[in-house]
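Undergrad: give me a 3D structure for the following:
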Amino acid sequence: MVIAISFMMMIALLTLSLPLLSVGTIEPMIASNILRTSRGQYAAETGAERALAQFIATPALLTSASSTPTTLFSAQAMPDNSGSYTVTYQRQGWNAVMIQSTATTTGSAQSVVRTVLTNTYLNSRGILTGQDLTVSTTTAVQGALGSIHANGNLALSGTVSIAKDATAKGTYQATGGATVAGQSGGGKPTVSLPSVTPSSLQSYADYILETVGNNGRIRVTATGQTFNSGWNGWSYNRSTRIWSNSRSTIPAGTYYANQASIGITGAAGTSANPWRATLIATNDITITGRVVMAPDATTSTDGSDLALVAGGDILINIASGSASVTGLVAANEQVKLSGTISLTGAVIAAGAANARGTVTSNSVSGNVTISNSRQLRNPLQGPVQVLSWTTVPG
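TA: Sure thing, here's the model as predicted:
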């Protein structure tokens, strides 16, 4: 009897000890898997961060990226020999690059980090200026991206209406009946602006407005054919270095004024048939005519929302009637909008030194409506930004 009881107790003890023995075997395996996964993620992140540093140092990698994967780093060993990583990159969409860092650790386990970068300017505001900005009268900034920001001081007055935020790096002042639906105030962080360099956009031109000696000449880029000043209403003033056009009908296309300004004084375009043109000038752009214009329909995808780009100032001053402009308006110096103007797009005034003098300070006044509801496709470049960062553990 005693022997039977002892035997039964031994069986019971053995039954209880088996799970403990199993746990003792599994725990090291779990710990090993966790260590391997952690090493893989660390190696993959190391490769992605190294690639990010390379793209920041060499932004040309972004613009030259192919739509098929290109190897940036191949089988790079980690310092502790715990694994290695390989990094590839490829163009994604019209303005971004996807980096993929794949790490391999002991046992051929893999971890992947994918990050998407861009250095294309992504407009998130209706107006962005590098210096002071004054907005007055009945100006309205509307749309899902209907914010304004000044890296200097911001002053609102009159019945101004801002659909989102109104902020400034410097001081902020709102008087009269100005309303801001989102956040408002001064002392906010500086917002990065793109580089506005018209000369980098010459390749988009269908027509180059140039000078030969003291005479103006229009060159058609597709054929090389040239025309003297006067062609289709384009007239060159040698003393002011301004190409002007007063006609109501002007050929569509992208115009590039080299070492000169552009002035539009006529009523080109209608609501039913807008003038499909993009104007780029190394100096200034002035519009005083009752234009209805939209971007050149034949411009490549990355520039399909460009309206006006100036190396100096942009002035849209409508004394009578109204004007309508669609697209991105970007000046390297200052921008002034006054009169009755409908702008479907966004405004950038990069705030370079006031060398031109056509506009001396950024201002929007009159019955101006700026509607900004989406990011505009444009080739203007700024700092490299990380749009997304995703880790896929092995």
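
Undergrad: use CA for all of it now, contacts and neighbours both
TA: Fine.

Undergrad: distance check, the spatially most central residue of the chain against residue 376.
TA: Central residue of the chain (CA atoms, centre = their mean): residue 121, 1.7 Å from the mean position. To residue 376, residue 121 is 9 Å away according to CA to CA, to the nearest Å.

Undergrad: quick one: residues contacting the residue nearest to the centre of the chain.
TA: By CA atoms under 8 Å, 6 or more residues apart in numbering, the contact list for residue 121 reads 193, 194, 378, 379, 380, 381, 382.

Undergrad: show me the shaky parts of the stretch 201-350 of the chain.
TA: Counting by pLDDT under 70, the stretch 201-350 of the chain contains no low-confidence residues.

Undergrad: and for the stretch 51-200 of the chain?
TA: 107-108.

Undergrad: how about residue 48, phi and psi?
TA: Here is the backbone geometry of residue 48 (degrees, to the nearest 10): phi -70, psi -40.

Undergrad: check contacts around the closest residue to residue 389 other than its chain neighbours.
TA: Closest residue to residue 389 apart from its sequence neighbours, by CA to CA, 6 or more residues apart in numbering: residue 115 at 4.4 Å. Residues in contact with residue 115 (CA under 8 Å, 6+ apart) are 48, 98, 99, 100, 386, 387, 388, 389, 390.

Undergrad: give me the buried entries from these.
TA: Neighbour-count burial within the contacts of residue 115 applies to 48, 98, 99, 100; the criterion is 16 or more other CA atoms under 10 Å.

Undergrad: wait, doesn't the second one sit right on residue 92?
TA: Yes: in this structure, residue 98 is within contact of residue 92 by CA atoms under 8 Å, at 6.0 Å.

Undergrad: what about residue 176, how many neighbours?
TA: 12 (other CA atoms under 10 Å).

Undergrad: dihedrals phi and psi, the closest residue to it other than its chain neighbours?
TA: Among residues not flanking residue 176 along the chain, residue 158 sits closest, at 4.8 Å (CA to CA, 6+ apart). Dihedral pair for residue 158: phi 80, psi -160, per degrees, to the nearest 10.

Undergrad: go on, residue 246?
TA: phi -110, psi 10.

Undergrad: begin at 132 from now on, thanks
TA: Noted, 132 is the first residue going forward, which turns the last one into residue 377.

Undergrad: any idea how far residue 451 is from it?
TA: Using CA to CA, residue 377 is found at 15 Å from residue 451.

Undergrad: who's more crowded, the two?
TA: Neighbours were counted for residue 377 and for residue 451 using other CA under 10 Å; residue 377 has more, 18 against 11.

Undergrad: quick one, longest strand in this protein?
TA: strand 445-462 (DSSP state E).

Undergrad: partners of the helix or strand following it, with directions?
TA: Beyond strand 445-462 in the direction of the C-terminus, DSSP states H and E gives the next helix or strand as strand 466-480. Applying DSSP bridges, strand 466-480 is found paired with strand 258-260 (parallel), strand 445-462 (parallel), strand 493-496 (parallel), strand 499-502 (parallel).

Undergrad: other residues contacting the first one?
TA: Counting contacts by CA under 8 Å, 6+ apart, the residues outside strand 258-260 that touch it are 278-283, 324, 465, 477-482, 493.

Undergrad: go again using 6 Å as the cut-off
TA: Outside of strand 258-260, the residues within contact range by CA atoms under 6 Å, 6 or more residues apart in numbering are 279, 280, 281, 477, 478, 479, 480, 481.

Undergrad: that one: how far from the chain's middle?
TA: Put simply, strand 258-260 sits 13 Å off its chain's centre (CA atoms, centre = their mean, to the nearest Å).

Undergrad: for stretch 246-260, same thing?
TA: Relative to the centre of its chain, stretch 246-260 is centred 3 Å away, using CA atoms, centre = their mean.

Undergrad: can you measure across that stretch, start residue to end residue?
TA: Chord length of stretch 246-260, first to last residue, is 30 Å (CA to CA).

Undergrad: repeat that for stretch 430-437.
TA: 9 Å.

Undergrad: which residues sit against it?
TA: Contacting residues not belonging to stretch 430-437 are listed as 426, 458, 459, 507, 508, 509, 510 [CA under 6 Å, 6+ apart].

Undergrad: picking that back up, contacts for the longest strand of the chain?
TA: 415-419, 421-425, 436-441, 444, 466-480.

Undergrad: try stretch 178-196
TA: Identification of contacts with stretch 178-196 by CA under 6 Å, 6+ apart yields 221, 222, 232, 515.

Undergrad: what about the second one, how many residues nearby?
TA: For residue 222, the number of neighbouring residues by other CA under 10 Å comes to 23.

Undergrad: how about residue 433?
TA: 16.

Undergrad: quickly note the distance from it to residue 226.
TA: Distance from residue 433 to residue 226, by CA to CA: 7 Å.

Undergrad: same check on residue 218?
TA: For residue 218, the distance to residue 226 - CA to CA - is 20 Å.

Undergrad: which one of the two has more residues nearby?
TA: Between residue 218 and residue 226, residue 218 has the larger neighbour count (other CA under 10 Å), namely 25 against 19.

Undergrad: next, the more buried one: phi, psi?
TA: Torsion angles, degrees, to the nearest 10, at residue 218: phi -120, psi 130.

Undergrad: I'd say it and residue 200 touch.
TA: No: counting by CA atoms under 6 Å, residue 218 does not reach residue 200; the two are 9.6 Å apart.

Undergrad: okay, now the nearest residue to residue 509 once chain neighbours are set aside: neighbour count?
TA: Sequence neighbours aside, residue 434 is the residue nearest to residue 509 in space, at 4.3 Å (criterion: CA to CA, 6+ apart). A count of neighbours around residue 434, defined by other CA under 10 Å, yields 22.

Undergrad: in stretch 199-211, what counts as buried?
TA: So for stretch 199-211, counting by 16+ other CA under 10 Å, buried means 203, 208, 209.

Undergrad: of those residues, closest to residue 486?
TA: For the buried residues of stretch 199-211, the closest approach to residue 486 (CA to CA) belongs to residue 203, at 42.1 Å.
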